[in-house]
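Participant: output the structure for:
(3 chains)
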Amino acid sequence: MIDILQINPGLWVILAGIICAFLPVSPIRKALVLLAPIFAAVMIFQIYGAQEVIGGVINFAGMDYTTLRIDRLSMIWGYLFCLAGVLNAIYGLHEKCKITDSSALIYMGAALAGVFSGDLLTLFIFWELAAISSVFLVWKGGEHSYASGIRYLAIHVLSGVLLLAGAIVYGRANGGDFTFGNIGLGAPGGWLLLIAMGIKCGFPFLHNWIQDAYPKASITGTVILSAFTTKLALYALARGFAGEDILIYIGAVMTCFPVFFAVIENDLRRVLSYSLNNQLGFMVCGIGIGTPLAMNGVAAHVVADVIFKGLLFMSMGAVMLRTGTTKASELGGLFRSMPYTTLFCLIGAGSIAAFPLLSAFVTKSMILTAALEEHLWVPLAMLLFASAGVMEHSGIKVPYFTFFSHDSGRRVKEAPWNMLTAMGLASLLCIVFALPGVSFGYKLLYSLLPYEVDYHPYTPDHVIFQLQLLFAAITAFCILKKYGLYPSEKRAEIIDFDWTYRKLGLGIAKWIGAMWTRLSVNITGLRKTFIDNAGKRLYQIFSPAGAMSEAAPSGLAAVLTAGMLVIALLIMFITSV
Amino acid sequence: MDLLSLFPSWLIEHGAAFIIILPLLMGAITSILPSRSLAWWTAFIVTVIVTLTSFGLVLNMMSEGTTVYSMGGWDPPHGIGLVVDALSAPVLLLISAMAVLTMVYGMPATIAEVEPKKRAPFYAAFLLCFAGLMGMVVTGDAFNVFVFLEVSSISTYALVAMGAARDRRALTASFNYLIMGSIGATFFVIGLGFLYMETGTLNMADMARILADLDGGSRVAKVAFGFIVVGLGLKLAMFPLHTWLPGAYAYAPSMVTIFLASTATKAALYLLLRFTFTVFDPSFEYVGTLVKYLLIGVGVVGMIFASLQAIFQTDVRRTLAFSSVAQVGYMLLGIGLATAAGLAAGYLHLLNHAVIKGGLFIALGAFWYRFGITRVEDFQGLSKTMPWTMGAFTVSALSLIGVPFTAGFVSKVNLATAAADKGWWWAVAVIVVTSVLAIIYMGRILLSAYFGDAPEINGEVAKRNEAPLMMLVPMWVLAIMSIAIGSNIFNLGDNFVGAAEAAARLLLGSGA
Amino acid sequence: MAKSPENLSEAELEERTNAHPMSVPFLWLGRESTIKNFMWLPIAGMIICTALGLIYPPHHLAPWDFFGSWTVIGFVAYSLVVFSAGPLFKLLARNEDYYGEGGLPDPEYSTEGDHHD
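Facilitator: Here you go, the predicted structure:
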């Protein structure tokens, strides 16, 4: 009898996903999609008391795999993933698609199981499973997403391979101990692991898959994708590399560069993908700072980010469902048709911009304060700049161009009830997690954090200075708009670093291919005259059927055989002289 | 449980000779039998009896240790000795068991693939080939090896050529195979000649003793070793000498492909082990270096190149054939490691791969039998039209890739661990990379089978049309064995690993 | 601010009939005058908060902090981002089918009903 409390809760969700793959009846599938995360959350609650729980140790092929480890850090990610799973399930209720349901569950389960993995090898398995199961969500976006999905898969498999390589180097150096604890860059294999996690986290120059795949996935797919992959990587980073100085700067750069891309990008789901990258930067930076305050900030902001970024993607998904596009240049004035979606999108935008009483206000500020307390002036300046940037692309641009701006003339139906419910719940959470109160509101969120919290977001100076920043940004928007200095949205493909492989690399590969064809034509000519002749002679010597040597492939093979013999003899003689 | 006592003692005593002579003799008789079903029954019963005998020999070997049977009462080295030891016994059992499964499968398949007139000779050739392979493995006399090698090879050429009823390309494939096989055999016999010059004996144990006395021998022994390795390399489809293999596997009657893929190259590989480690000795400098540089070199290059080639094939039979070449690379890598763990892993992969590839080719044969399918693109929706067959195919494919709880995983992990123990991290990396390549080339087949829509025939979606029971049984036996080895059900995993370790111990000379 | 139904122009009436019932009370948001005068709201907020900053000074200063510094940071950073858009667009923008993969979904192409199996 296996103790079910020894089973990683993610596995239940994966199991549900596998069942879904074979269930032809949509309502039952939907019930599974909805209930599996809830069940997983219940299991976490059953397993985790107050102490770290380690269990599910499996010995396989002479090594121990710790398949279950829940402590204060992984617990918060676990609950968060279950919550996201429920919201996504409600959001996707209208869609009758077996592949989406099943891969969403397997993907979510893999992310959950990955977070609860106690060793690097188990983590690797779920790391790859999450990548492979999620690519179907990208492919569900339609034909145009196929190439993008392939790139997504390739990059993530690469990340997994690096993770495995790093894990093996690391484990060997530790005498076969693969436990996933604090690793640090000094450890053997540390850099491999960092790059593996960095790919999934969207480090600068490794980030392109986010903006490439997410906007091309299906409507529900994008929402689901945005919740798990990068957050799993953040968890791994927080577990393995907390306090690595280099992460502070990587994170700071990550917050800034997407701002510039987001401002010129026309596709709003891609704008949100850049915005996701930018929020990840805040958290990576917090992990780099590594003080208890910063780590609390990271954990809290992960929760807030999954909810408000999910909410924003949901609202854009609703728009996409109704209008068929999320291009800013094609939209505008939708508040007339989709009032509820407008409201929820505004709440999401306010949350990500960190308005008081909305979620990022109580979470992101912890990271900023930690930077301030550590006197990290340059990163702090970059984070402040990025905060104003967030206001631009997510706070203003996304809702303004979709729901206000000039009227596009589109009169569409409001989003379906299930989407509105999901968005409503997410909006509610954005507000609830930011309310000041004694035992509810942000205190509830803080009570889940990995370290003891001694931070008060609602001090007069914090509120006032945050509002200064935001009001100034909105003022700047209004003034620039009034004097026609705000650029209008134009349809275009914005190239990013992925140009190097999608255009340059492809070009080089094509050139090499063309050159190779030419070369091989010449070589074939040479071979015909030279090798074949030699081949025929040798063949006549070695083959008992020499007279029939006209069959070319055997001729070549005979040459190879003779060649092997020569090589074999050479090896033996050279080494024994 | 004393299974051994169930066998009559004379059978065990003369078993080593019996397992060669019976199929040889019956082969001759089968060829003139008038009725196809009578021929089938004869051949089938022969394989079953031989398998039981082999099983008895294995049991006997486990309790009594190595036995040497003197042919005709003439003691070696003057007479011919048949050796049943930890190295040869499992291979004997493997070959004969595969022969039984192939025969079961062959009942329906032969009717579809071979012309009525040629069916009895077909089974006869099969029995001869079988006898040759068994002889190659069990004999202790080097020249005898050559004789049996030729017996099996010549009958194989004929068997491959019989695929012509299905695909005319079988003729050129058979011809290529004939040429290459003959070159290989020639090299091998030249090597034996040199070896005879050096040692003055043809008995393998004797040769080993004399070579050890000579401390490796002169230049002649080196040349002999070179010829033997290259000659056997050709037979076992060592990269780049594998060119005969894809054609032969692809165009032969499917029953022959199954048998060849799971036994013929394995027997040659067994001979390579035997000659490298028991006749010669890796402690001779030239043997050591050749093993280290040549075998590992071609093994690793072959693993990568053949896997890549497998990815680009459009015909599934050729994909599997190139995959076989790649798998030979794994085994060569294991041999090249020349440590107990490495040899055991290589030997284990030899056994496992026979089980896996056998299952895959049987399923493939069933697809052809029902729908004439051989190309990857035709696999669309096969999971719906032939779910059970596709299931067995999937299990074996996963095992080939090396998914946990399957046979392939066990041997790959053992191999990787062995390489890691020796500090060869690059080899571990190669194993991982080629496994990923295996995911790709098997995965694209599985993807199309599971996610594609079933094809339409005359405007109607193809109906479910499962393979006959005679095909389902052997393929599921092999698929279940794959899982049983991987998950150690019925202790099968432990037994396989134990057999491999015993073989490795014997090869390294630390107690038989 | 909402006008009574009788003194509505024809265009406004049409807008009203086409809009979602929940949106009707908010249609003034789209009006010309609203858009023109909206900017006074953030300007007022900005001035008030800057003034309040004198009463409640920040208890942890960054080296660059002075009176109203966050207002200045917000305004300057935002403007900088927006002004960078022009040159960046020239530098980075390409035709929509630049990569030849059909780009992002076409506006004519609605994915509604396309996600069923």
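
Participant: now the strands for the stretch 401-512 of chain B?
Facilitator: Here the stretch 401-512 of chain B has its strands, by DSSP state E, counting those that start in this stretch, at B:456-457, B:460-461.

Participant: what residues does the first one touch?
Facilitator: Meaning strand B:456-457. For strand B:456-457, the external contacting residues (Cβ atoms under 8 Å, 6 or more residues apart in numbering or on different chains) are B:Ala462. No exception for glycine: its C-beta is placed from N, CA and C like everyone else's.

Participant: sorry, back to before: reformat the strands of the stretch 401-512 of chain B as CSV; add distance to B:Leu236, mean pLDDT and mean neighbour count.
Facilitator: As requested, these are exported to CSV (distance: least, Cβ to Cβ, whole Å; pLDDT from 0 to 100; neighbours: other Cβ atoms under 10 Å in any protein chain shown):
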stretch, distance to B:Leu236, mean pLDDT, mean neighbour count
strand B:456-457, 42, 74, 10
strand B:460-461, 44, 76, 10
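
Participant: out of those strands, nearest to A:Leu164?
Facilitator: strand B:460-461 (41.8 Å; Cβ to Cβ).

Participant: the closest one near chain A anywhere?
Facilitator: No - Strand B:460-461 lies out of reach of chain A by Cβ under 8 Å from any Cβ of the partner chain, never closer than 15.7 Å.

Participant: list the strands paired with that strand, with their directions.
Facilitator: Using DSSP bridges, strand B:460-461 pairs in its sheet with strand B:456-457 (antiparallel).

Participant: TSV for the strands of the stretch 401-512 of chain B, including distance to B:Phe7?
Facilitator: Below are the strands of the stretch 401-512 of chain B laid out as TSV (distance: least, Cβ to Cβ, whole Å):
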stretch	distance to B:Phe7
strand B:456-457	52
strand B:460-461	53
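
Participant: pretty sure A:Phe361 contacts A:Leu467?
Facilitator: No - assessed by Cβ atoms under 8 Å, A:Phe361 is found out of contact with A:Leu467, at 10.0 Å.

Participant: lowest average confidence, helix or strand, in chain A?
Facilitator: helix A:531-542 (a mean of 56; mean pLDDT, DSSP states H and E).

Participant: which one of the strands of the stretch 401-512 of chain B lies closest to B:Gly184?
Facilitator: strand B:456-457 (44.5 Å).

Participant: quick one: that closest one to chain centroid distance?
Facilitator: How far strand B:456-457 lies from its chain's middle: 38 Å, per Cα atoms, centre = their mean, to the nearest Å.

Participant: equivalent analysis for stretch A:501-521, please.
Facilitator: Counting by Cα atoms, centre = their mean, stretch A:501-521 comes out at 32 Å from the chain centroid.

Participant: swap in stretch B:175-191?
Facilitator: Using Cα atoms, centre = their mean, the offset of stretch B:175-191 from its chain centre is 18 Å.

Participant: mind exporting it as CSV, just the C-alpha atoms?
Facilitator: Presented in CSV, the C-alpha positions along stretch B:175-191 are these (Å, rounded to 0.1, in the frame of the first residue of the first chain):
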residue,chain,number,x,y,z
PHE,B,175,23.1,-9.3,-54.0
ASN,B,176,24.7,-6.5,-52.1
TYR,B,177,24.4,-8.5,-49.0
LEU,B,178,26.0,-11.4,-50.7
ILE,B,179,29.0,-9.4,-51.9
MET,B,180,29.5,-7.7,-48.6
GLY,B,181,28.9,-10.9,-46.6
SER,B,182,31.4,-12.7,-48.7
ILE,B,183,34.0,-10.0,-48.2
GLY,B,184,33.4,-10.2,-44.5
ALA,B,185,33.7,-13.9,-44.5
THR,B,186,36.8,-13.7,-46.6
PHE,B,187,38.4,-11.3,-44.3
PHE,B,188,37.5,-13.5,-41.4
VAL,B,189,38.9,-16.6,-42.9
ILE,B,190,42.1,-14.8,-43.9
GLY,B,191,42.4,-13.7,-40.3
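
Participant: that'll do, ta.
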